[in-house]
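Student: Starting from these lines, generate the structure:
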Amino acid sequence: MKNNKFLFWATGHPRLVVVSIFLILDIVVAAIFLRHGRHVLTVAFLNIGQGDAVYIEAPNGNQLLYDAGPPTGAILRELHKVMPFGDRSIDVAVFSHPDMDHIGGFLDVLSHYKVGVLLEPGSRSDNGVWSEAQRVIAANHIPHILARRGMTIDLGGGVLADILYPDRDMTTMETNASSIVLWIHYGDTAFLLSGDLPQAQEDYVVSLDGATLHAQVLKLGHHGSRTSSSEAWLQATHPDVAIISAGENNRYGHPHKEVLSLLEQLHIPSLITWREGTIRFESDGTQVSRY
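Tutor: The predicted structure follows:
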């Protein structure tokens, strides 16, 4: 009945209907313009439960997704919140390492979005998600690159993502120890992502890049587990804020109290996704701000 009343009104007011349609289109176009016309880098740590997923969008609109969380469907919900309306493509996907809580959501991503290129460390896992993801990647002819130290992903608009690790063949390496370390920088600002990288590998990266590792925002390795976030790593990166991506009341007890105590000792504030929800930052190349 309501639909009939609306149709009756619309046929009697055709000009108002046309004006309303154009007004809606103007609002959508303006929103897209404002999003991409501000020359900012956007980095969002997605609230996907017990796992990792980080969405990066350069000032020119190019996008990178670093991990996609567990296979719960949460990644699609969170991407819908941060991506431009109607956007169904992601330029670069990065599998930090093939554990379920990092790549499980990529099956949903690959079925709903066109992915331009995929990077992964080359380590192996016997979980079913990893083998199915490989099948989908091959079936969709997605270019597939082994990430290695020295490579740089140029997202355009002045945003670069340097791969600091791994620097060797990862075929026989334990999955966490193969995690891709990505240093994303824009002007004088930087974000650092390291998957589930253990302390031994963190300290190795510090030995290579310690003088230049600073990042305003650091995502703590392994969801705030005591196996990651060594003191040497935190001192080298000396972030303004540390992000912990973890699910509420998770069975692992993440983040561990030892890590929280070390952060407090080093005067590094932290934010947890289960408490804050998706955590978004913007950088204009000079400073980083949360929004």
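
Student: And the residue nearest the centre of this protein?
Tutor: V54 (1.3 Å; CA atoms, centre = their mean).

Student: For it, list each beta-bridge partner.
Tutor: F45, Y66 (DSSP bridges).

Student: And the pLDDT at it?
Tutor: In this model, V54 is scored at 98, pLDDT.

Student: ok, the residue nearest to V109 when sequence neighbours are not counted to G157 distance?
Tutor: With sequence-adjacent residues excluded and distances taken as CB to CB, 6 or more residues apart in numbering, V109 is closest to A68, at 5.2 Å. No exception for glycine: its C-beta is placed from N, CA and C like everyone else's. Going from A68 to G157 by CB to CB, to the nearest Å gives 23 Å.

Student: Neighbour count: these two, which is higher?
Tutor: A68 (33 against 18; other CB atoms under 10 Å).

Student: That one in helix, strand or coil?
Tutor: coil (DSSP: H, G, I helix; E, B strand; the rest coil).

Student: just so I have it, where are all the helices in the stretch 51-200 of the chain?
Tutor: 74-82, 100-103, 106-112, 128-139, 199-209 (DSSP state H, counting those that start in this stretch).

Student: re the thing from before, I figured the residue nearest to V109 was touching D101, is that so?
Tutor: No: with contact defined as CB atoms under 8 Å, A68 and D101 do not form a contacting pair (9.8 Å).

Student: Number of residues surrounding Q201?
Tutor: Residues near Q201, counting by other CB under 10 Å: 25.

Student: I'd like to know how far it sits from Q63.
Tutor: For Q201, the distance to Q63 - CB to CB - is 27 Å.

Student: ok, so what distance separates H80 from Y113?
Tutor: 11 Å.

Student: cool, D284 as well?
Tutor: 27 Å.

Student: More neighbours: which of those two?
Tutor: Neighbours were counted for D284 and for Y113 using other CB under 10 Å; Y113 has more, 19 against 16.

Student: Quick check on the more buried one: phi, psi?
Tutor: Phi and psi for Y113, reported as degrees, to the nearest 10, are phi -130, psi 150.

Student: Not counting its neighbours along the chain, what's nearest it?
Tutor: I90 (5.0 Å).

Student: my guess is that neighbour contacts K114, does it?
Tutor: Yes: using CB under 8 Å, I90 is in contact with K114, at 7.4 Å.

Student: and the two? which has more neighbours close in?
Tutor: I90 (24 against 11).

Student: Give me the pLDDT value at the residue lying closest to P59 once chain neighbours are set aside.
Tutor: Leaving out its chain neighbours, the residue that sits closest to P59 by CB to CB, 6+ apart is G157, at 3.6 Å. Looking at G157, its pLDDT is 95.

Student: List the contacts of G157.
Tutor: By CB atoms under 8 Å, 6 or more residues apart in numbering, the residues touching G157 are 39, 41, 58-60, 62, 186.

Student: mind showing which ranges of this protein have poor pLDDT?
Tutor: Where the chain drops to pLDDT under 70, the residues are 1-38.

Student: ok, back up a step: would you tell me which of the helices of the stretch 51-200 of the chain gets closest to I163?
Tutor: I163 sits nearest to helix 199-209 of all these, at 10.9 Å, using CB to CB.

Student: Can you name every helix or strand that the closest one contacts?
Tutor: Judged by 3 or more CB pairs under 8 Å, 6 or more residues apart in numbering; DSSP states H and E, helix 199-209 is in contact with strand 159-165, helix 231-237.
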